[in-house]
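>>> Can you look at this prediction? I've put the sequence above it.
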Amino acid sequence: MQHRIRGTVLSTTVIALGLGCAHAAHAQDTPGWSVSGFGTIGAVHASLRDADFTATTMHPDGAGLTRRWSTDVDTNLGMQLDARLNRRWSAVLQVVSEQGADNSYRPRVEWANIKYQATPELALRAGRIALPLFLTADYRKIGYIYPWVRPPVEIYGTLPFTSSNGIDATYRWSAGSVRNASQLFFGNDDIPLLPPRHALARHIVGLSNNSDWGALSVRASLIQAEATVDIGRELFPALDAFGAAGHALRERYELDHKMIRFANIGFNYDPGDWFLMGELGATRSRSFLGSTRAMYLSAGYRWKTLTPYLSHAEVRANGATTDPGIPLAGLPRPYAAAAAQLNAGLGILLATIPQQTSSTVGLRWDVINNTALKVQYDRITPHDGSRGNLTNPTPAFRSDRTDHVASVALSFVY
């Protein structure tokens with residue numbers, strides 16, 4: 001990892017938090033263990049009055065409609081236990097407390113795996129492992145490491161799965177001066193939504209490669225999973241009552257054992273005094289989640305303890321975001337009214353396919369060692385009838401209107 005703070009390579013403590021602390025430990029024979037932690041205390045204000053701004057679709061509410069100021073959007077607290085058993089075996093446990101879909105801060109296990117260093121180049125792990133989809137996948141919960149208050153929601157805010165229970169293999173190799181780490185992984189995951197709903201991902205399989213060449217880091221990833229999300233479980237069975245047309249709609253949009261594919265490539269060029277980073281991602285599914293493409297580009301300059309930065313991000317749909325639904329012509333009046341209600345429910349689901357642009361300006365201040373204060377302003381515009389990455393829209397919500405979000409966060413590691 002080549003990310004730097006104040007022009008120097010990240011401290012061993014931060015690298016341990018971000019990458020599991022095990023990459024360098026295999027050379028030591030003496031058993032041992034260490035405990036570290038991280039957290040962010042944040043507050044967000046949004047100009048919205050008919051929807052909520054959140055950092056992820058997993059949050060039930062946020063800033064705007066529910067409350068003018070929200071401390072739930074970015075606040076979290078995590079602890080990590082690293083154990084070195086011998087020269088080849090090590091283990092890691094990471095637990096994070098943040099707002100969940102049930103509006104509680106019940107701690108959740110992000111990592112819990114054991115690692116076997118088969119050779120200096122090949123490492124094998126089993127247990128709960130972070131999915132290496134994004135550029136910041138190894139440390140996306142640790143706000144101190146990245147420059148912003150939060151990673152751009154257009155890419156990071158729509159995927160509920162951040163870890164999986166399974167196995168992986170990482171092989172480190174070089175091509176000239178380029179150092180690479182190629183990772184192959186397989187697993188499953190179960191994410192609780194608003195009770196009793198769940199999001200299930202089965203047969204998660206993927207390949208990721210991280211390349212470091214001096215100040216440049218590049219990560220490319222491909223992941224596919226069989227997903228089931230029981231949102232709309234009252235809507236889709238009801239469509240079957242309307243014959244072939246209703247059944248076709250259910251087959252097209254219900255997210256029940258459907259294959260979802262993710263592709264992402266990101267880069268970070270960080271020579272020390274400044275950085276330029278960006279990601280480009282695409283999601284494809286035959287469901288109400290639709291297919292999207294997303295990107296962001298961010299740049300910042302470090303001057304002593306201050307890092308001002310700018311970002312631009314957007315997410316767009318790759319397919320239709322509306323559907324006429326069940327044809328109403330010729331239906332008896334009671335059936336036509338029921339079909340119209342089902343069509344409206346389907347339209348609400350399709351409006352969740354995000355289409356949004358945002359522009360961001362922010363400032364990071366490294367107050368003391370291992371503590372950073374960040375302030376950030378986002379200008380957010382959903383497009384083309386979509387609610388973008390916003391949640392809880394009211395009937396008064398209108399797309400293509402710009403809203404404003406102000407955030408402050410204190411991030412730390414210890």
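Now that the structure is in, tell me what you want to look at.
>>> Need the residues that contact stretch 205-222.
Residues outside stretch 205-222 that contact it (C-beta atoms under 8 Å, 6 or more residues apart in numbering): 1-3, 131-135, 137, 177-186, 223-225, 261-272. (C-beta placed from N, C-alpha, C; glycine too.)
>>> mind checking pLDDT for the most centrally placed residue in the chain?
In the chain, the centroid-proximal residue (C-alpha atoms, centre = their mean) is Tyr156; its distance is 3.4 Å. Listed pLDDT for Tyr156 reads 91.
>>> Hmm, Thr56 and it touching each other?
Yes. Applying C-beta atoms under 8 Å, one finds Tyr156 in contact with Thr56, separated by 7.4 Å.
>>> Which parts of the stretch 301-414 of the chain are strands?
Using DSSP state E, counting those that start in this stretch, the strands assigned to the stretch 301-414 of the chain run over residues 306-317, 356-368, 371-382, 403-413.
>>> Now distance to Tyr144, mean pLDDT and mean neighbour count too, for the ones you listed, in TSV please.
Formatted as TSV, these follow (distance: least, C-beta to C-beta, whole Å; pLDDT from 0 to 100; neighbours: other C-beta atoms under 10 Å):
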stretch	distance to Tyr144	mean pLDDT	mean neighbour count
strand 306-317	12	97	20
strand 356-368	9	97	18
strand 371-382	6	98	20
strand 403-413	4	98	20
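>>> Any idea which of those strands gets closest to Val109?
Shortest distance between Val109 and those, using C-beta to C-beta, is found for strand 403-413: 19.2 Å.
>>> Between strand 371-382 and the closest one, find me the angle.
Angle, strand 403-413 to strand 371-382, by axes from the mean of the first three to the mean of the last three C-alpha atoms, to 10 degrees: 150 degrees.
>>> same for strand 403-413, what does it pack against?
helix 12-19, strand 32-46, strand 371-382 (3 or more C-beta pairs under 8 Å, 6 or more residues apart in numbering; DSSP states H and E).
>>> at 10 Å instead, please
helix 12-19, strand 32-46, strand 52-53, strand 63-64, strand 76-84, strand 356-368, strand 371-382 (3 or more C-beta pairs under 10 Å, 6 or more residues apart in numbering; DSSP states H and E).
>>> In PDB, list the C-alpha atoms belonging to stretch 238-252.
Taking C-alpha atoms only, stretch 238-252 is exported to PDB below (Å, rounded to 0.1, in the frame of the first residue of the first chain):
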ATOM      1  CA  ALA A 238     -48.700 -10.700  -6.400                       C
ATOM      2  CA  LEU A 239     -47.600 -10.100 -10.000                       C
ATOM      3  CA  ASP A 240     -48.100 -13.800 -10.800                       C
ATOM      4  CA  ALA A 241     -51.800 -13.300 -10.400                       C
ATOM      5  CA  PHE A 242     -51.800 -11.400 -13.700                       C
ATOM      6  CA  GLY A 243     -50.800 -14.200 -15.900                       C
ATOM      7  CA  ALA A 244     -47.900 -14.300 -18.400                       C
ATOM      8  CA  ALA A 245     -47.300 -10.500 -18.200                       C
ATOM      9  CA  GLY A 246     -47.000 -10.500 -14.400                       C
ATOM     10  CA  HIS A 247     -44.900 -13.600 -14.400                       C
ATOM     11  CA  ALA A 248     -42.500 -12.100 -16.900                       C
ATOM     12  CA  LEU A 249     -42.100  -9.000 -14.700                       C
ATOM     13  CA  ARG A 250     -41.400 -11.200 -11.600                       C
ATOM     14  CA  GLU A 251     -38.800 -13.100 -13.500                       C
ATOM     15  CA  ARG A 252     -37.200  -9.900 -14.800                       C
END
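>>> how about Tyr116, what does it touch?
Each residue near Tyr116 by C-beta atoms under 10 Å, 6 or more residues apart in numbering is listed here: 26, 85, 88-90, 122-126, 169.
>>> now the residues you listed in TSV, with secondary structure?
What follows is the contacts of Tyr116, written out as TSV (DSSP: H, G, I helix; E, B strand; the rest coil):
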residue	secondary structure
His26	helix
Leu85	coil
Arg88	coil
Trp89	strand
Ser90	strand
Leu122	strand
Ala123	strand
Leu124	strand
Arg125	strand
Ala126	strand
Ala169	strand
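>>> Weed out the non-buried ones from the residues you listed.
26, 89-90, 123, 125 (16 or more other C-beta atoms under 10 Å).
>>> Closest to Asn318 out of these?
Arg125 (33.5 Å).
>>> Not counting sequence-adjacent ones, nearest residue to Ser359?
Arg379 (4.7 Å; C-beta to C-beta, 6 or more residues apart in numbering).
>>> Oops, could you answer that again for Ala396 instead?
Once flanking residues are discounted, Ala396 sits nearest to Asp50: 4.5 Å by C-beta to C-beta, 6+ apart.
>>> re earlier: as a markdown table, the helices and strands packed on strand 403-413 with distance to Leu306 would be great.
Listed next are those as a markdown table, based on distance: least, C-beta to C-beta, whole Å:
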| stretch | distance to Leu306 |
| --- | --- |
| helix 12-19 | 19 |
| strand 32-46 | 19 |
| strand 52-53 | 26 |
| strand 63-64 | 26 |
| strand 76-84 | 24 |
| strand 356-368 | 6 |
| strand 371-382 | 10 |
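>>> what's the closest of these to Ile326?
For these, proximity to Ile326 was assessed by C-beta to C-beta; strand 371-382 is nearest, at 26.8 Å.
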